[in-house]
Each structure stands twice: as C-alpha cells, then as structure tokens.
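Undergrad: please find the sequence and the predicted model below.
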Amino acid sequence: MTGVGMLVAGLIFAQETAADTVSSIHRNTESTRQIDDARTTRGCPSPEGLSREARMQWLTCAVTLGNDVCAGTAVGPAHSTNDKLPCGGRQLTNGALGRLLASNGSDTERAMALLKQSGGAGSTFNGQSWPAIWYTYGDRFNETSRVWLMEEFKKGAAQFHGNVTQRADRSGTGDIGTDVSYNNMYDMNMVNGILFGEITGDEEAIKNGYQLLRNWLEYAQTSDIHEFSSPTYYWVQINALYSGYLYAKRPGAREVFQAILDHTWSDIAANYFAPSQTISGPHSRDYDFLFGHGGLQTHLYAQGFQGMTAPVCELNDTHCERADDEQNVFALLNLVIADGYTVPNDVRALSQLDRRTVSAAWIGQKVTANGNQARFAQRYNFVARDIFAIGSASQDYITNTHTKYFPGPQDKLVDMEWGVPNMSMVTPVPALTVIPDYLDAPYGHIHEPTTDKPSHLALHPGMVQHREVLLASTSINAQDTLDGFVLNTSTRAPFGDQWESVSTNVILPVEAGQIFVSSENNLTRRVNLQGGPFVEILSVGDTIGLSVGRAAAALRIITLDGTTNNPTPTLALKGDSDGLALGAVRLVGYHSRGRYQPAMSDVNLRFAFVLKAGSVGPSGPEEAVQKLLTDVKCARVTSISSNGVWKLQVSGIPVDGEGPVSLTVERNLSCAFGGSRNQTSHTSWNCLTSRQINASELSFPTNLRVNGAAVAPLPKPDLLTLF
C-alpha cells in the first residue's frame, strides 16, 4: 500500500500559444455558425455510465471529431479552442496519433500525411505524439515511412544536445530553455528528450533527458508541483507523464514516472469536487475564471472519477479545450494500451474523504528572482465533500521563478465551490472567486489578441485560512505588467491609455436567488438577483450572506481603497448583462469607477474581507445563512496602518468542532515602490511580512498533505539507481 493508502486506511504563453494567435480582442458569444453534425452542439454525445467501454467510446468520438474539424469535414463545438483553421503543429501530430488510435493502427497513410505537414518532431507539444506512434504502431508503417520517421526522431533528439542540465532551472536547447518551475513545458522537454534519445540511441539526448528528470525531482522536494491545480496545465502535464510512464526504457524509469503520476493524481483526487466536476481550491493558471473547467476534465472522465460525465462545452464557453482537442489522444492512448496508468484505489479514495484539508508549497526557492517568498507560498483547501470547498493561496503565481518575470494574469487564488446537486455542465454554477479587473468585465470573456486568453490584474495576495474561515487581502498595483499582456499607461489594448475602471470583484452565483445584506447598524435587507440588471450600493463593514445548493456563506467587507485621483471608492452588489448571461453577479469594489488613468502612486489599492463557508442543514438555507451572518458580523476586526505596515486581524469566528479562531495578515505598504527584486521597473512582490493563526506564525510542510499527513511522497533522486 502506498503512503496514500495508509492515510486513507487511517482516516477513511508565448511558447504555449505561438501557433494559436488571433488578430483581435473578442468577446465570446454564442456561435452563429451552421451546425452540421450532431457532435458539434457541445461535443460528442455522453454515453451512459462510466464503464471502460463507455469512456473509450466517447474519447474515440472526441479524437475523431478533432481530426474531422482539421480535415474540414466537420464543425467543432461552439467556442472550442480547436476551431482555428488551418490546423498546424500539435494538432497535426496529435491528429496522426488519433487517426491510428481510431483505426486500430490501420490508417498509416493519413497519419504519415499529417506528420509530414506538421513541421517535424518538436521538443514540446509538436513532439509528444511521435514516440507513441513509433512504439505502438511503428510496425504498421512500410519501410520507407519507418526510415523517414527515424530521421525525424534523430533531428528531434539533436534538440537535446548541449544542455547545461546540471542546473535545475533549465531544459531545452543549450543554456536557454524552460524554467523547471514551468511544469507543463518542462515536462514535455524532459519526456521528449528521454524518448527521442532512446528511440534513436542518442546517448547525449538520453543523458540530458534523465538529468532533467533528476532536476525535476530535486526541485519538487521543496516546491511540490509549482504549476499547481491548473484545469488546463495538469492536463498537459499528465499527457507528458503518461508518455514517460508508457515508453521510457531505462530500468526504474517507469516506477519513477508512476510515483510522479501517483503524486499528481493524489493532488487532483484530494481537491476533486464532484458536484462541479472540477478540482477545487486555488489554481495556478485557469482560463475559465467562473467555472474552472479545462482539459483536465478529460483525464478525470477517462479515469472514471465518481460524478464525472463526458466533457462538454459550456454555454458561451470562454476556453473549451476538452470536447474535441487533439491532445485528448493521450487519455485515449492510456486506455487503449493494456498496461496504461490507472489511478490507484487508495489515491482515488482521497476524493471520498468527508472532510479534508489539502496543503502544499509551490515555490521551490527561499525567494524568487521576483521577490516571491516561499514561506508564504502555501496553497490551502478545505473540502466538505459534496457540500462546499473553499481554498486560497498567498503569493501571486509566476511561471518562471529563477529569472525576472511577470505576474500570471489567470491565477485563481481564492475559490469556493458550491455543492449543487445535478449541476448542468452546459450552464454550471459559478464559483466564488476574487478577480481584480481593469475592463469592468471580470468574467474572463474578453480575450487579449496575441494569446487569445483572458486576463486579470495581479492580486498581490495576503491570505490566511483555517478550515472554512478565510481572511483575504489583496493589493492592486496599477504599474504592473502581466505575463503576455501590455497594461502600462501608454500602450494597453483595447482601450488606449485608460482602463475602463479599476476594481476588485468577488464573483457570486445567480443561483442563490437572493443575497442578504446586514449593515453595521444590524438592519438586514434582501437583494433579488433574478430580476434583470441591478446595482445595490453597499458600505464597507456590511456583511452579505447567501446559500446555493447544499452550501452557504457569509462575507464581510473590511477594507476598500480609492485611488489618488478618486479617493472615494464605491462598493456595490452588481448584476450586469454580461455576468447575468453567465449566471454570475458580483460584489464589486470600485477603487475608481469609470475610465481610469493609472497613476504612479496607485501601487497599493487594498481590498479585504473575511469569509466563512458552511452547510445548509435540516432547518433550511435561510437559517444557515443567518447563523453565518451572525458568526461573521460578531467577529472582532482590527485594521491598523502604522509606520508603513498594515496589520489586519479577525478574531472570534467559530470554526466548526474547534471553537473560535484568530487570523492575522501583515503587509509592508512601502515595498511596492522599489526593492532589490522587482519584476518590473516599478514593483516588487516582497510585501507580506506575517501570516498568523491564533497568534502563531503560520508554517507549513513543503509537500502535499491531506489532513496533515503526507501523501504519495516523491522519490528522492539521490536514493535512486535510475540516475
């Protein structure tokens, strides 16, 4: 039994999107194109049940649909990320493997045609399918094709010559590659280097590939998985790891890849929330701001997780990669191969624990090149199975940690999932999330032109959480430049040198029907969410409460700053047409309402609240909300700024089964003006000074813990004979 088994028994961008650019910012709306295939309304029809045969049936359909879209013989689901024609690169190489899988290896002619159009076996996405084609179907090709394939593998292996691989921060060609913290790209480099080398007998590529694997394990000892809980990039990471598990030949390699997969899947299982078919808790990178859906759903479905249905695109989906993307070939491949990876039962059982805390680190250096501090880089999630999940992270996510880089524009650092029975995946219920925004449209449906991805401002968070109680603070810096997005005062698309507004938003679901607002004078009113667009003005100090499905929550606003030129902020509950169409309203703190010119002095636009989640009991939702409102309103709140330090403390909130808790965050308010580690010419992230629970400085173990116990520990490279 693995370490996970013992626990359960005891407890019961630019690189990623270079081929996918678009010419202008667009707002996603329901497609008006002609639908000519039953598969294209939301994707392939969902078979009954979760049998292996049913899952293979859906995956085969989805992979075939992706191929047919590229061939021009079908139209993909509305809003699919696979709808950009002509197809190229990874779509063609993965399409070749898809042709072979769907035809049981017989369609070698079409597979060869796609490979020859693809541009060759690249070191990352474009190279992933080649080893599977060679090892699984290579004997189906004629001799001429095999010779051509081998020459392509040799070219591919040569990409892994000359690496300075003794450094744990690089992969790729020469001394300029992918940071080990950039997990999805690094994993593809690592696995492709190993497999290309082994196929061709290229000893240098083999050596370098396995050195990258050793580097990965070394870094993960202190960082765990840096690119954590991403609905898109766990999908990509698992695709690469499956290939390593299936095909790496050096003795001991399969066992190491299995250990990494067991660890990754333990993280997924522990955070899995069945009602929304997602991984709950904070996400490093999430292109679906409201719902947290992504390609990982394909793997969850393929592995038969309880509650999963065949992935579909949402109504007005902002980034649907799961219904027909050719990268789904790896989930199908893993099922087709007789000894493919299966999530162990003890790992899967983590998803069935009734109450669980999930915690891990995600920065592997004491201080990054940008000033992120590992002592604050904790991700934390509390899951009440099928009722709610609430999680947070207390540093901005950054893709590259060893060099100067930029804040991630799609991290989701606060997430609360609602336990709604039989939730539709076409019109799901939005999670409670926190989105700092410059577009006055914080829903993730306006895309930047080069990457075709949504963006939000950096949160610069100071979070401290204990089980179902979260103290959240954020601080917008108007001088930030985000990863791949130009947001400075002179050249920011789409609105020239001004922002539509600057705001911090808490997304709330229309499904609640109504929100209770309790003011500091103890008057309580109800706001109806379902009567069309509305604005309800609130005051700092107000507490709101709502219930959705089996869950309820109360949230009290503590701090909201204005800007230099607009010192009086506006707090409101708002239902606008964009959000209501997606089932969302928002608690919006306008630091400046209306067109905003970023000011050099607006580097600490603060927003803070305390949130408690709970369950709806036999007495019904209104009583659950009123109890939570009382708990949160009666808490003692202290917010003091002195000598450039902001101390925020909330105490006296009862935690179920434990008694009252005290949560404290301290932040240096002057650090954003400069410092030795600045990710732009203006700002530094090294701003938190303290996080405390019950007056004790918060510390946490590095690697994944569930209810305080380590799960699926990663092997230490010095103890392995593999290297």
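TA: Good, I have the coordinates. Numbering: from 1, shown residues only.
Undergrad: for the stretch 301-450 of the chain, just list every one of the strands.
TA: Here the stretch 301-450 of the chain has its strands, by DSSP state E, counting those that start in this stretch, at 355-361, 378-384, 388-393, 414-418, 432-437.
Undergrad: can you list those strands in TSV and add distance to R250, mean pLDDT and mean neighbour count?
TA: For every residue, glycine as well, the C-beta is placed using N, CA and C. Formatted as TSV, the strands of the stretch 301-450 of the chain follow (distance: least, CB to CB, whole Å; pLDDT from 0 to 100; neighbours: other CB atoms under 10 Å):
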stretch	distance to R250	mean pLDDT	mean neighbour count
strand 355-361	28	97	22
strand 378-384	33	97	25
strand 388-393	36	98	28
strand 414-418	39	98	29
strand 432-437	43	97	25
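Undergrad: adding distance to F330, write these out as JSON lines.
TA: Compiled in JSON lines, those are given as follows (distance: least, CB to CB, whole Å):
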{"stretch": "strand 355-361", "distance to F330": "25"}
{"stretch": "strand 378-384", "distance to F330": "26"}
{"stretch": "strand 388-393", "distance to F330": "27"}
{"stretch": "strand 414-418", "distance to F330": "26"}
{"stretch": "strand 432-437", "distance to F330": "29"}
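Undergrad: okay, and the beta partners of T278?
TA: Taking DSSP bridges as the rule, T278 bridges to F273.
Undergrad: quick one: residues contacting L149.
TA: L115, W130, I133, W134, G138, F141 (CB atoms under 8 Å, 6 or more residues apart in numbering).
Undergrad: show me what contacts the third one?
TA: I133 makes contacts with A96, L97, L100, A111, L115, L149, as judged by CB under 8 Å, 6+ apart.
Undergrad: which SS state does the fifth one fall under?
TA: I take that to be L115. helix (DSSP: H, G, I helix; E, B strand; the rest coil).
Undergrad: over to the closest residue to it other than its chain neighbours. Which of the three states is it?
TA: Nearest-residue entry for L115: A96, 4.9 Å, with adjacent residues in sequence omitted and distances by CB to CB, 6 or more residues apart in numbering. Secondary structure assignment for A96 (three-state DSSP): helix.
Undergrad: what about A96, neighbour count?
TA: A96: 29 surrounding residues under other CB atoms under 10 Å.
Undergrad: same question for the one 5 residues further on.
TA: Neighbour count for L101, taken as other CB under 10 Å: 25.
Undergrad: for it, report the pLDDT, please.
TA: Turning to L101, the model gives it a pLDDT of 97.
Undergrad: A14 now?
TA: 37.
Undergrad: give me the below-cutoff pLDDT ranges for this structure.
TA: 1-42, 82-84, 163-177, 450, 483-497, 672-686 (pLDDT under 70).
Undergrad: change it to 50
TA: 1-38, 40, 164-168, 172-176, 487-495, 675-683 (pLDDT under 50).
Undergrad: and the nearest residue to R595 once chain neighbours are set aside, how many neighbours?
TA: Spatial nearest neighbour of R595, chain neighbours left out: Q498 (4.6 Å); criterion: CB to CB, 6+ apart. When neighbours are counted by other CB under 10 Å, Q498 registers 14.
Undergrad: hang on, the earlier thing: and the residue nearest to L115, what is it in contact with?
TA: Contacts of A96 by CB under 8 Å, 6+ apart are R110, A111, M112, L114, L115, S118, S129, I133.
Undergrad: correct me, but the fourth one touches R90?
TA: No. Using CB atoms under 8 Å, L114 is not in contact with R90, being 11.1 Å away.
Undergrad: what's the closest non-adjacent residue to the spatially most central residue of the chain?
TA: Central residue of the chain (CA atoms, centre = their mean): S230, 2.5 Å from the mean position. Nearest residue to S230, sequence neighbours excluded (CB to CB, 6+ apart): R285, at 4.4 Å.
Undergrad: for the one you found, the count of nearby residues, please.
TA: Count around R285 with other CB under 10 Å applied: 25.
Undergrad: what's it in contact with, if anything?
TA: Counted by CB under 8 Å, 6+ apart, R285 has contacts E227, S230, T232, Y233, Y397, G408, Q410, D411.
Undergrad: among these, which are in helices?
TA: Y233 (DSSP state H).
Undergrad: now, which of the contacts of R285 sits nearest G532?
TA: Q410 (30.1 Å; CB to CB).
Undergrad: if I look at the residue nearest to the closest one when sequence neighbours are not counted, how far off is P454?
TA: Leaving aside its chain neighbours, Q410 sits nearest to R285 (5.2 Å; criterion: CB to CB, 6+ apart). Distance of R285 to P454, computed by CB to CB, to the nearest Å: 11 Å.
Undergrad: kindly report the same for A121.
TA: A121 is 32 Å from P454, by CB to CB.
Undergrad: in terms of neighbours, single out the busier of the two.
TA: More crowded of A121 and P454, by other CB under 10 Å: A121, with 28 against 25.
Undergrad: now do the contacts for the more buried one.
TA: Counting by CB under 8 Å, 6+ apart, A121 has contacts T93, G127, W130, E152, F153, K155, G156, N192, F196.
Undergrad: can you confirm A613 is in a helix?
TA: No. If the criterion is three-state DSSP, then A613 is strand and not within a helix.
Undergrad: that one pairs with what?
TA: Counting by DSSP bridges, the residues bridging with A613 are A553.
Undergrad: what's the local residue count around it?
TA: Neighbour tally, A613, other CB under 10 Å: 25.
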